[in-house]
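Participant: Have a look at this fold, sequence not included:
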Ligand code: FNR
């Protein structure tokens with residue numbers, strides 16, 4: 001149902017109602033907590049939305065094959081990535097402008113991540129500065145008497161390398177533990193006008209890359225925006241520029257993955273940007289196996305795009321992913337119920353993951369092998 005603009009947005013709830021029991025429940029409720037324009041911006045895919053739909057459809061084409069009467073004793077979901085413990089193979093994908101969902105934006109998300117020992121990847125286009133977000137995570141961890149959850153910084157290369165380097169140095173100084181270089185979204189059509197109070201806080205004072213028309217009737221190719229798109233030499237440059245682990249986000253082909261590893265990438269995030277860039281890309285789930293075969297266990301593979309449940313997660317793990325990222329569900333939960341909403345959504349997903357692992361007879365992540373997934377014929 002499309003609501004009248006004047007009926008939106010509802011303020012965040014102060015208590016989590018009992019009927020919110022899944023990420024899908026949060027998604028259904030969330031529409032009322034955004035302006036119509038922000039909701040469309042959040043939910044839409046590019047083009048005709050083929051890739052957006054493919055991301056979800058891929059899960060329905062895969063079935064799970066459980067081992068009978070497996071010994072579940074001693075099971076757990078924790079894993080190590082780049083020397084840090086993650087409570088589960090689940091991370092929060094980088095999302096621009098989280099204040100669109102809630103006034104506390106990324107600060108609420110990092111607190112929820114901290115409470116649930118879940119890693120967060122902070123976007124270059126965050127609506128608080130990367131330092132503010134790191135500090136919010138650190139002080140909340142102090143209040144809870146625990147370690148801060150893993151924090152990675154997502155880098156969008158800036159037209160001027162000095163500005164990119166400045167972002168990397170700031171991330172290092174603020175204690176970020178990895179750099180995620182997103183390579184698939186330099187060219188994106190977006191009509192969204194940011195409301196007052198929401199801006200790219202990290203980029204204050206830097207020129208925003210924009211589509212600048214050039215003489216000669218050029219539309220996009222041949223303009224400064226297209227000319228500034230990331231190239232392989234940029235990855236080589238970044239490798240020289242930082243000692244932090246580098247993950248490349250937005251790769252879908254094994255051949256490219258191999259080249260990235262050769263250039264020193266420490267991890268890859270198989271992603272089609274939630275169906276927001278090249279429409280026609282296959283689902284992220286369908287691309288994992290090709291990349292996993294090419295990389296052959298040399299570096300960890302992460303994946304995102306349409307993950308909404310524990311069974312979705314297990315399918316990706318069986319096909320070769322080490323961990324899974326969620327994007328839009330963060331914004332849904334944040335808009336509906338702020339920090340407690342995000343914490344609750346992470347908890348729901350982790351619970352579903354454990355229930356699925358138990359049902360599948362796989363008490364440990366290493367038990368979730370390729371044989372546990374079948375491609376359904378005719379689905
Ligand atoms: C994104 N994504 C994204 N990725 C990135 O590297 N930097 C960014 O700033 C953003 N910003 C962003 C904003 C919004 C509103 C969306 C929906 C997505 C992509 C994101 O990290 C992730 O790849 C997808 O969101 C994963 O798909 P799901 O979980 O949203 O289906």
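Facilitator: Right, received. Where do you want to start? Since we're looking at a predicted model, the values are computed, not measured.
Participant: Which single residue of the stretch 251-379 of the chain ends up nearest the ligand?
Facilitator: Scanning the stretch 251-379 of the chain for the residue nearest the ligand gives residue 327, at 2.2 Å (criterion: C-beta to the nearest ligand atom). C-beta here means a position set from N, CA and C on the backbone, and glycine is covered the same way.
Participant: Might you report the residue contacts of the residue lying closest to that residue once chain neighbours are set aside?
Facilitator: Spatially, and ignoring its direct neighbours in sequence, residue 327 is nearest to residue 93 (4.1 Å; C-beta to C-beta, 6 or more residues apart in numbering). Residue 93 sits next to 121, 274, 304, 325, 326, 327, 330 when contact means C-beta atoms under 8 Å, 6 or more residues apart in numbering.
Participant: Sitting in helices, which of these do you find?
Facilitator: Those of those mapping onto helices are residue 330, per DSSP state H.
Participant: Just list the residues touching the residue of the stretch 251-379 of the chain closest to the ligand, thanks.
Facilitator: 93, 95, 274, 304, 305.
Participant: Look at residue 341 and give its secondary structure.
Facilitator: helix (DSSP: H, G, I helix; E, B strand; the rest coil).
Participant: Touching, residue 323 and residue 84? I think so.
Facilitator: No. Assessed by C-beta atoms under 8 Å, residue 323 is found out of contact with residue 84, at 11.7 Å.
Participant: Would you double-check that residue 80 falls in a strand?
Facilitator: Yes. Counting by three-state DSSP, residue 80 is located in a strand.
Participant: follow-up on the earlier one: more neighbours, residue 323 and residue 84?
Facilitator: Higher neighbour count among residue 323 and residue 84: residue 323, with 23 against 15, using other C-beta atoms under 10 Å.
Participant: how close does the more buried one get to residue 245?
Facilitator: 14 Å (C-beta to C-beta, to the nearest Å).
Participant: What is the least confident helix or strand in this structure?
Facilitator: helix 224-227 (a mean of 82; mean pLDDT, DSSP states H and E).
Participant: Now the next helix or strand after that one: buried residues?
Facilitator: Downstream of helix 224-227, the first helix or strand assigned by DSSP states H and E is helix 232-241. Using 16 or more other C-beta atoms under 10 Å as the test for burial, helix 232-241 gives 234, 235, 238, 241.
Participant: who touches the nearest residue in space to residue 360 that is not next to it in sequence in this structure?
Facilitator: Leaving aside its chain neighbours, residue 360 sits nearest to residue 66 (4.7 Å; criterion: C-beta to C-beta, 6+ apart). Residues in contact with residue 66 (C-beta under 8 Å, 6+ apart) are 359, 360, 361, 372.
Participant: Write out the residues of the stretch 151-300 of the chain neighbouring the ligand.
Facilitator: Within reach of the ligand by C-beta under 6 Å from any ligand atom, the stretch 151-300 of the chain has these residues: 154, 182, 249, 271, 273, 274, 276.
Participant: In CSV: these, plus secondary structure, neighbour count and pLDDT.
Facilitator: Converted to CSV, these look like this (DSSP: H, G, I helix; E, B strand; the rest coil; neighbours: other C-beta atoms under 10 Å; pLDDT from 0 to 100):
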residue, secondary structure, neighbour count, pLDDT
154, strand, 26, 98
182, strand, 23, 98
249, strand, 24, 98
271, coil, 27, 98
273, helix, 22, 98
274, helix, 24, 98
276, coil, 22, 96
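Participant: What's the separation between residue 34 and residue 11?
Facilitator: Per C-beta to C-beta, residue 34 is found 12 Å from residue 11.
Participant: which other helices and strands contact the helix or strand hosting residue 107?
Facilitator: Residue 107 belongs to helix 105-115 when assigned by DSSP H and E. Under the contact definition 3 or more C-beta pairs under 8 Å, 6 or more residues apart in numbering; DSSP states H and E, helix 105-115 sits against strand 119-122, helix 130-144, helix 328-360.
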